[in-house]
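**Q** I would like to see how this sequence folds:
(one chain, ligands or ions: 1)
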Amino acid sequence: MTDDYSKLKSEIMDIVSKEFSKTKDDIISIMIENNKLKKQQAELVFYDSLPPPPTSSLINIGNTTTTTNNCDDLPPPPPQIEEEQFVEGEEELQQQHLQEESDDYYKTVHPLGIQDTYEDEEYFSSYSKISLHHEMVFDKRRTAAYYHAISKSKNIFKDKVVLDVGCGTGILSCFVAKAGAKKVFAVDASDMAHRAELIVQQNGLSDIITVFKGKLEHISFPEYVDVIVSEWQGSFLIFESMIESVIYARDNLMKPGGIILPSKACIYLSPINVESYYNQYINQWSNVFDLDMSPLIPFAQKELLEEKSIRNYYVENTESVLDKPIILRTIDLSTITIEDLSKTIKNFEFKVPNGSKYHGFGAWFSVWFENLDDEDQAINKKNQHDNDSEQFVYYTIDRDGELVKSTYQQYAINSKGFTPIFFKQSSNVLELSTAPGTGDQHWKQVLFLNSKEKILQSSNENEDSTLVKGTIRILQNKDYRRHWWIEISVSLKTKPFDYSYQKYLI
Ligand SMILES: C[S@@+](CC[C@H](N)C(=O)[O-])C[C@H]1O[C@@H](n2cnc3c(N)ncnc32)[C@H](O)[C@@H]1O
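**A** Presented below is the predicted three-dimensional model:
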């Protein structure tokens, strides 16, 4: 190695270690400018300067977490994976790698390999159980949201033909029939369809509701529908990918200009302190009825924090949310496509107060029912005129499952605004939020946890908060479409600099 070459390498290491926010392309540009290099030369020396990735894989994939103390140990730079920065072919490689991993993962589930991308047999047999429907129907915040949204949508349902995608016990179809629909097609592929039939009869709604047993996509319905109603939301909103069936219904069974309820949805992400979770599931082992059971702690840690699955946990204390959330994904049910949904890439940059205990990230979602009967027309018209959106009246479901009227002024909890909306407040809206502190519900929040608690302290003494910066990718598992990979790479601007990469399966 010539001296010049070593100098170039150390220049790169210098930039990487001092300015962690610089992307690979930034560094290469600096090198080209400073040393009059050709792009290819700069790239060569760039790659040569960095130590190999934490795993032996060519690309930065693997269940790896790395913390470093000096530049010799530096992990690969955070993958700056804005869509346009992907190297050609790399994404296919990543997909292939994810695929191989998912195949391994599912070998135990499907010893014969991939038979059914929607895993319909197990999926619909799980929905044949009353216990699962008990969890949903008696999730008072969930069911109240649908009850009130439908009861307050007489203008939408009056004399209309409605499709209930995945009717389960038939509860939403009954709400819709009572709200004035002319006809309701209630469809479910699980055995619960037979129970729905009983509920419809029991409530004297057989003249309005027809129950179809079967997968929506395989049924031919007698006519096109005006409105689609569905409760398709899963954990992290998109788990189960039932939204694909709603999209199918919209594109194939709904009249042009039809309405979908709920109409919009959004996923949020924030850094989080979940000390209560750590105490409950890990630290509690240290004292159990006067026994020291702490030898189990490392096992609990491994199982709960180091395996690549997510955790569902309801975070009551809003102080646990360490910075304003970012919107990970917005969904407008009237336009979203399966293709568009299948991949989300988002960069984030949070500022977390120094001294905070930081355990990873929490995610939650909201869905909105729009165009409800406009009882607050007068107030909203006035405010629309005044452009005073903060006073705009909308509905929420409180922690006890009660319908409450709010204004967008009240809506910012602790001024953090846990569920910023992404559409114009143009009509009466009901929001069902699953944010921390809004009240428990069966989806809870989803946690992406670090393997260890970290107490954040900025490397810059003049700053009172620490930068938490990185990228999240959400990719659908194409062979098992109800599942999703979530990759998070994070840099913490602490001393020592801390970089981690984790991948989760949902
Ligand atoms: C989350 S549950 C909601 C049940 C009910 N609507 C409620 O709100 O209580 C979803 C239901 O949709 C059914 N389902 C999901 N995808 C379906 C499809 N493509 N065709 C028919 N049923 C489906 C499932 O069997 C399950 O009963």
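
**Q** show me the contacts for whichever residue of the stretch 1-150 of the chain sits closest to the ligand.
**A** Of all residues in the stretch 1-150 of the chain, residue 127 sits closest to the ligand, at 3.4 Å by C-beta to the nearest ligand atom. For glycine as for every other residue, the C-beta is placed from the backbone atoms N, C-alpha and C. With contact taken as C-beta atoms under 8 Å, 6 or more residues apart in numbering, residue 127 is in contact with 133, 166, 168, 188, 189, 190, 192.

**Q** if I look at the fifth one, how far off is residue 317?
**A** Here the criterion is C-beta to C-beta, to the nearest Å. By it, residue 189 lies 40 Å from residue 317.

**Q** out of the two, which sits in the busier spot?
**A** Each of residue 189 and residue 317 has its neighbours counted (other C-beta atoms under 10 Å); residue 189 has more, 22 against 12.

**Q** and the more buried one, what pLDDT?
**A** Predicted confidence (pLDDT) for residue 189: 98.

**Q** can I assume it is in contact with residue 214?
**A** Yes - with contact defined as C-beta atoms under 8 Å, residue 189 and residue 214 form a contacting pair (5.7 Å).

**Q** which neighbours do these two share?
**A** Any residue near both residue 189 and residue 214 by C-beta under 8 Å, 6+ apart counts here, and not one turns up.

**Q** identify the farthest-apart pair in the contacts of residue 127.
**A** Farthest apart among those by C-beta to C-beta are 133 and 189. That separation is 14.1 Å.

**Q** got a list of what the residue lying closest to residue 297 once chain neighbours are set aside touches?
**A** Nearest non-adjacent residue to residue 297, counting by C-beta to C-beta, 6 or more residues apart in numbering: residue 285, 5.2 Å away. By C-beta under 8 Å, 6+ apart, residue 285 lies in contact with 293, 294, 296, 297, 300.

**Q** got the CA positions of stretch 38-47 in CSV?
**A** The C-alpha coordinates for stretch 38-47 follow below in CSV (Å, rounded to 0.1, in the frame of the first residue of the first chain):
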residue,chain,number,x,y,z
LYS,A,38,-12.2,9.8,-10.2
LYS,A,39,-15.5,8.5,-8.8
GLN,A,40,-14.5,4.9,-9.2
GLN,A,41,-11.2,5.5,-7.4
ALA,A,42,-12.9,7.3,-4.6
GLU,A,43,-15.5,4.5,-4.2
LEU,A,44,-12.7,1.9,-4.2
VAL,A,45,-10.8,3.5,-1.5
PHE,A,46,-14.0,4.2,0.4
TYR,A,47,-15.0,0.6,0.5
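
**Q** what lies in contact with it?
**A** In contact with stretch 38-47 (C-beta under 8 Å, 6+ apart) are residues 5, 8, 9, 12, 24, 27, 28, 31, 32, 35, 37.

**Q** tell me which of those fall in strands.
**A** Using DSSP state E to define strands, no part of the contacts of stretch 38-47 is located there.

**Q** what's the most distant pair in these?
**A** Greatest spatial distance in those: 5 and 24, 19.0 Å, computed using C-beta to C-beta.

**Q** quick one, which of those two is more surrounded?
**A** residue 24 (19 against 13).

**Q** tell me the domain boundaries of the protein?
**A** The chain is divided into the following domains under automatic domain parsing: 117-261, 264-505.

**Q** looking at those domains, which one has the lowest mean pLDDT?
**A** domain 264-505 (a mean of 88).

**Q** that domain close to the ligand?
**A** No - against the ligand, domain 264-505 shows no contacts by C-beta under 6 Å from any ligand atom, the least distance being 9.7 Å.

**Q** quick check, the residue in the stretch 101-250 of the chain closest to the ligand?
**A** When distances are taken as C-beta to the nearest ligand atom, the stretch 101-250 of the chain reaches nearest to the ligand at residue 166, 2.0 Å away.

**Q** list the buried residues in the helix or strand encompassing residue 124.
**A** If you go by DSSP states H and E, residue 124 is part of helix 120-126. With burial defined by 16 or more other C-beta atoms under 10 Å, the residues of helix 120-126 counted as buried are 123, 124.

**Q** and if you look at stretch 244-264?
**A** Buried residues in stretch 244-264 (16+ other C-beta under 10 Å): 244-247, 249-250, 253-254, 258-264.

**Q** which SS state does residue 436 fall under?
**A** Three-state assignment for residue 436 (DSSP: H, G, I helix; E, B strand; the rest coil): coil.

**Q** right, and it touches residue 313 too?
**A** No - using C-beta under 8 Å, residue 436 is not in contact with residue 313; the gap is 9.8 Å.

**Q** overlap in contacts, the two.
**A** By C-beta under 8 Å, 6+ apart, residue 436 and residue 313 have these common neighbours: residue 445.

**Q** ok, the two, which is more surrounded?
**A** Taking other C-beta under 10 Å, residue 436 and residue 313 do not tie; residue 436 has more neighbours (26 against 18).

**Q** quick check: which element contains the closest residue to the more buried one other than its chain neighbours?
**A** The shortest distance from residue 436 to any non-neighbouring residue, by C-beta to C-beta, 6+ apart, is to residue 315 (3.8 Å). Assessed by DSSP H and E, residue 315 sits outside every helix and strand.

**Q** do residue 323 as well
**A** Using DSSP H and E, residue 323 falls outside every helix and strand.

**Q** check contacts around the residue nearest to it when sequence neighbours are not counted.
**A** Spatial nearest neighbour of residue 323, chain neighbours left out: residue 350 (4.1 Å); criterion: C-beta to C-beta, 6+ apart. Residues near residue 350 by C-beta under 8 Å, 6+ apart: 270, 271, 322, 323, 324, 326, 467, 468, 469.
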